[in-house]
Each structure stands twice: as structure tokens, then as C-alpha cells.
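Asks: got a structure for you, letters missing:
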């Protein structure tokens, strides 16, 4: 058995990485001379997706630079890949922009704040998640009309939160890191009072997002049977998806669950299923809502089956070691989240299409960026930094990361410099994207 490195050796590795690539160097970013056309990258990505939904994806990305940024994980991955890296590896969230964090209920029915999207998860340099987060804060600040100072301040607070939390995780037992979480009860005592109403609103919203509350919103009684209501093109029944296909995929999904959770799943039967468009960057991938019932008429359960393709980072970092991309997403989520959905699992379906499955709503709430104040944005960024530090500490070596970050603010300022430069690039890319829509190079459907 290989011996475990001492905490001193792990710190020395972080110090060596800092000496090799000082944090300040991460702040310098400019587009490479041979930088790929971001619109061409998005067009390439679209070839593996449902063609009828690509205009919906383009329409959602075309709303603002921030919505474009949300869908442009591949262009950013291509921009990060040529840069020198720290070599300090963690399980990346892979798409750690501020809208991919939020509230959800643990199996113990305790509300926590954490990462909530893992489609792009993969092992990689820890700083890539932080660069994705930092740039999202500046792009969001600009979209709200905040000052440049406000955007930089939000990044500084997020990075300081990450750095200080990581320092704390580096000093405690590994099992205590594993048990730690960002609980709402702790958040409410921690956040600035001016941002507390935002968190309290999110908590109230989360309480009304579950299968019971969603049942009348998404379904209706048709000929005596409860059915999901079609709302084209966002929710539609597909003639090419049959009961045998769904049954086979669910059987494979069931085998990925722990035994006690198979018992839980077996208490439900599938009543209906329909394609449901979700998110921004994910539009065009297969995504289905499955309505299940426990037999009593008042025991609904909604599952979401979402197609998993290769992470955008795999072309730069190499393939995942997991047997499927659904398994990759599930493994990444379990490594990074404090606690995951009890029905989280994966399946391989027809023609080798790969899926992951989870509850569609389980007291979840996400930020409403369009309503954020300056204080809200900075506070949300702090919470994102905290949750990301906890996830990285679980999946990587907190002593190494903490030693690289150091005790000064060099890393914080470097991320702010990078974020401002990359926000400028995002605005240029968004203008090119909008021009591609205007000239007919790509097509967009707005308002759906």
C-alpha cells in the first residue's frame, strides 16, 4: 500500500506550485492568436444535439452577455486550456458560474447551499473552476449595470471566501471535511443583513419546489389519467420514445442505486413521461420528465433523466475514467456535494445514449440574477466560494491548495484581473454571436 503524504509534504507541494506559477500570473489573460471562433465551437457542439432545439438554445444564449456566458462553457474551456496551470488537481465542477449554485434539501430535510450542476465535471486544475466563477460575477455585475468596482469587489469577496475556507479545511481532519456542509442555518447567521432578504426569499422558494407542489403545474387529468401537459417546444411528448425504451433505461438506472434506494424506487410506477427543455447550455440534449406515482393518488414523484455527453474539458484534459458519462456526472456530484439526491443514478439507453437521473425538484432554489443588488451579488459570490472550497477540499488536497493560495490577497486580485479581461472577451463573443443570428448564420427562437 502506498503511504499517505504528510500534511507538511502536501503544503510543500502547494508552495512549490506557487513558486513555479505565482498567483499573479493567473490574472494575465489575452486571446491566443489562433483562438478558435467561439460561434464555430458552439455550432460544432450543436451537431450532437436535437436540431429542432438548437434555435431555442441560441435564443436563450442571445438574451444577454450573461446568458451567453452560461451556455459558452466550451469556448471558455478552449481559452483556459492553453494557459499555464498550477498542476493542483481536484474534481472540477466544470461549469462553476454563479447560477450553478443554489439551495436544496438533504435527505435529512435540511436546506444547504452547494453546487448544483455537474454536466462538465472532470478532474482538472483547481483554478479553472475559480476562473469560471470569477468571470461570471463580473459579467453578471455588468448585466445589472453595476460599476466596475462593484464587479471587482464581488470577485474579491468570493475568492477571499474560498481562500479562507480552504485554509480552515486544510487544518481539520479529512473526515470532518467530508462531513462539513454550507447549511442555511449557518448562512443566515453569516451573511450581511442587507443580503439576508435574498437568502430568505430563496429558502421560501425552495420550500415550494417539490413533486407535490409541481404536480398541478405540470400535469392535468386527461380521460381519467394524470398526464404531463404539453407546452411546445419546452415540454412535449415524443412519439419515438416508447414504454419499452423507458422501461429498459429505468432498469439500468435502478441497478446504479444503492440497495435501500432500489426499494424506495420500486414503490413507484411510471405514469407518464415527456421531453422537457432545461437550462441554457444544456438545451438540445435529451432531457425527460418522468411522472411516477406511489399508488395512492397523492404520492407523486418527478424524476429528471438528462443526457450526458463528454465534458467540454475532455478534449483538453483527456477522457474520464468512469464507464459512462452518466456515471461521470454522478461520481463528480457525489465527490463535490455535501450530500446528494437519494435517487441520483445513471443509465445507458437506446443506441448507447448515456443518462443521469435525479429528482426533478427537491426543495431547490437558484439565484435570480436579474433581481440582485450589489450586496446580493457579493454575498452570493462568497457563498459560491465557500461551497466550491468545501467541494475541492473533499476531492483534492486542501493543504496543497491552501499553501498555493497563501495568506495574502495576491490570488484574489489575480482572479479579479482575469475576470475583467474575460468579461471583455465575453462581450465581444456575444456581439459576434448576435451578429451570427442577425446574418442568418445561426437561427434563434426567442422567448422560450
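Replies: Cool, got the structure. Keep in mind that this is a model prediction, so the values were computed, not measured.

Asks: ok, and the closest non-adjacent residue to the residue most central in space within the chain?
Replies: Against the mean C-alpha coordinate of the chain, by CA atoms, centre = their mean, the closest residue is residue 117 at 2.6 Å. Nearest residue to residue 117, sequence neighbours excluded (CB to CB, 6 or more residues apart in numbering): residue 100, at 3.9 Å. Every residue, glycine included, has its C-beta placed from N, CA and C.

Asks: got a pLDDT number for the one you found?
Replies: You'll see residue 100 listed with a pLDDT of 95.

Asks: What is the burial count for it?
Replies: 25 (other CB atoms under 10 Å).

Asks: My read is that it contacts residue 115, right?
Replies: Yes: here residue 100 reaches residue 115: they are 6.4 Å apart, a contact under CB atoms under 8 Å.

Asks: so who does the residue nearest to the centre of the chain touch?
Replies: 93, 95, 100, 279 (CB atoms under 8 Å, 6 or more residues apart in numbering).

Asks: do the same with residue 86
Replies: Neighbouring residues of residue 86 by CB under 8 Å, 6+ apart: 17-18, 21, 26, 125-127, 404.

Asks: which stretch of helix or strand covers the residue nearest to residue 65 when sequence neighbours are not counted?
Replies: Leaving aside its chain neighbours, residue 65 sits nearest to residue 430 (4.4 Å; criterion: CB to CB, 6+ apart). Assigned by DSSP states H and E, residue 430 belongs to helix 410-438.

Asks: what do you get for residue 302?
Replies: strand 300-307.

Asks: pLDDT averaged over that strand - what is it?
Replies: Mean pLDDT, computed over strand 300-307, is 93.

Asks: likewise stretch 241-257?
Replies: Averaged across stretch 241-257, pLDDT comes to 90.

Asks: Turn the contacts of residue 86 into JSON lines, including neighbour count and pLDDT.
Replies: Below are the contacts of residue 86 laid out as JSON lines (neighbours: other CB atoms under 10 Å; pLDDT from 0 to 100):
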{"residue": "17", "neighbour count": "20", "pLDDT": "98"}
{"residue": "18", "neighbour count": "18", "pLDDT": "98"}
{"residue": "21", "neighbour count": "18", "pLDDT": "98"}
{"residue": "26", "neighbour count": "23", "pLDDT": "97"}
{"residue": "125", "neighbour count": "23", "pLDDT": "98"}
{"residue": "126", "neighbour count": "26", "pLDDT": "98"}
{"residue": "127", "neighbour count": "26", "pLDDT": "98"}
{"residue": "404", "neighbour count": "27", "pLDDT": "98"}
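
Asks: Would you check which pair of the residues you listed lies furthest apart?
Replies: Greatest spacing in the contacts of residue 86, by CB to CB: 18 and 125 (13.5 Å).

Asks: quick one on the thing from earlier: now for the following helix or strand past the strand holding residue 302, which elements pack on it?
Replies: Heading C-terminal from strand 300-307, the first helix or strand you meet, by DSSP H and E, is helix 314-317. Judged by 3 or more CB pairs under 8 Å, 6 or more residues apart in numbering; DSSP states H and E, the packing partners of helix 314-317 are helix 73-80, strand 122-125.

Asks: Strands of the stretch 251-400 of the chain, residue ranges please.
Replies: Taking DSSP state E, counting those that start in this stretch, the strands of the stretch 251-400 of the chain run over residues 269-276, 287-293, 300-307, 345-348, 354-359.

Asks: what about the residue lying closest to residue 25 once chain neighbours are set aside, neighbour count?
Replies: Excluding the flanking residues, the one nearest residue 25 by CB to CB, 6+ apart is residue 84, at 6.9 Å. Number of residues near residue 84 (other CB under 10 Å) recorded here: 11.

Asks: Mind telling me what element residue 226 is part of?
Replies: Going by DSSP H and E, residue 226 is part of strand 225-228.

Asks: how about low-confidence regions in the stretch 301-448 of the chain?
Replies: 362-363 (pLDDT under 70).

Asks: rewinding a little: overlap in contacts, residue 100 and residue 115.
Replies: residue 93.

Asks: Provide a list of residues in contact with the closest residue to residue 343 other than its chain neighbours.
Replies: Spatial nearest neighbour of residue 343, chain neighbours left out: residue 359 (5.5 Å); criterion: CB to CB, 6+ apart. Counting by CB under 8 Å, 6+ apart, residue 359 touches 211, 301-304, 341, 343.

Asks: Separate out the buried members of those.
Replies: 211, 301-304, 341, 343 (16 or more other CB atoms under 10 Å).

Asks: Out of those residues, the closest to residue 152 would be?
Replies: Closest to residue 152, out of all of the buried ones among the contacts of residue 359 and judged by CB to CB, is residue 341, at 35.8 Å.

Asks: My understanding was that the closest one contacts residue 358; is that so?
Replies: Yes: assessed by CB under 8 Å, residue 341 is found in contact with residue 358 at 4.6 Å.

Asks: was I right about residue 178 contacting residue 394?
Replies: Yes: counting by CB under 8 Å, residue 178 does reach residue 394; the two are 5.9 Å apart.

Asks: And the two? Which one has more around it.
Replies: More neighbours surround residue 394 than the other of residue 178 and residue 394, with 21 against 12 (other CB under 10 Å).

Asks: right, and the helix or strand after the strand holding residue 226?
Replies: Per DSSP H and E, the helix or strand that comes after strand 225-228 is strand 235-236.

Asks: what's that next one in contact with?
Replies: 218, 228-230, 274-277, 289.

Asks: among these, which ones are buried?
Replies: Buried among these by 16+ other CB under 10 Å: 218, 228, 274-277, 289.

Asks: out of everything not next to it in sequence, what's closest to residue 148?
Replies: Using CB to CB, 6+ apart, the nearest residue to residue 148 is residue 420, at 7.2 Å.

Asks: what's the neighbour count on that neighbour?
Replies: Residue 420 has 21 nearby residues by other CB under 10 Å.

Asks: what sits against it?
Replies: Residue 420 neighbours (CB under 8 Å, 6+ apart): 138, 148, 151-152.

Asks: In contact with residue 21, which residues?
Replies: 84-87.

Asks: 10 Å instead?
Replies: 83-88, 125, 127, 404 (CB atoms under 10 Å, 6 or more residues apart in numbering).

Asks: And for residue 246?
Replies: Per CB under 10 Å, 6+ apart, neighbours of residue 246: 270, 273, 288, 290, 305, 349-350.

Asks: Quick check: residue 321 touching residue 123?
Replies: Yes: with contact defined as CB atoms under 10 Å, residue 321 reaches residue 123; the gap is 8.4 Å.

Asks: Looking at the two, which is more packed in?
Replies: residue 123 (19 against 10).

Asks: Look up the closest residue to that one, ignoring the ones flanking it.
Replies: Residue 123 sits nearest to residue 89 (CB to CB, 6+ apart), 5.6 Å away.

Asks: how distant is the strand holding residue 302 from the center of its chain?
Replies: Between the centre of strand 300-307 and the centre of its chain there are 17 Å (CA atoms, centre = their mean, to the nearest Å).

Asks: go on, stretch 370-385?
Replies: On CA atoms, centre = their mean, the centre of stretch 370-385 falls 17 Å from the chain's centre.

Asks: That'll do, ta.
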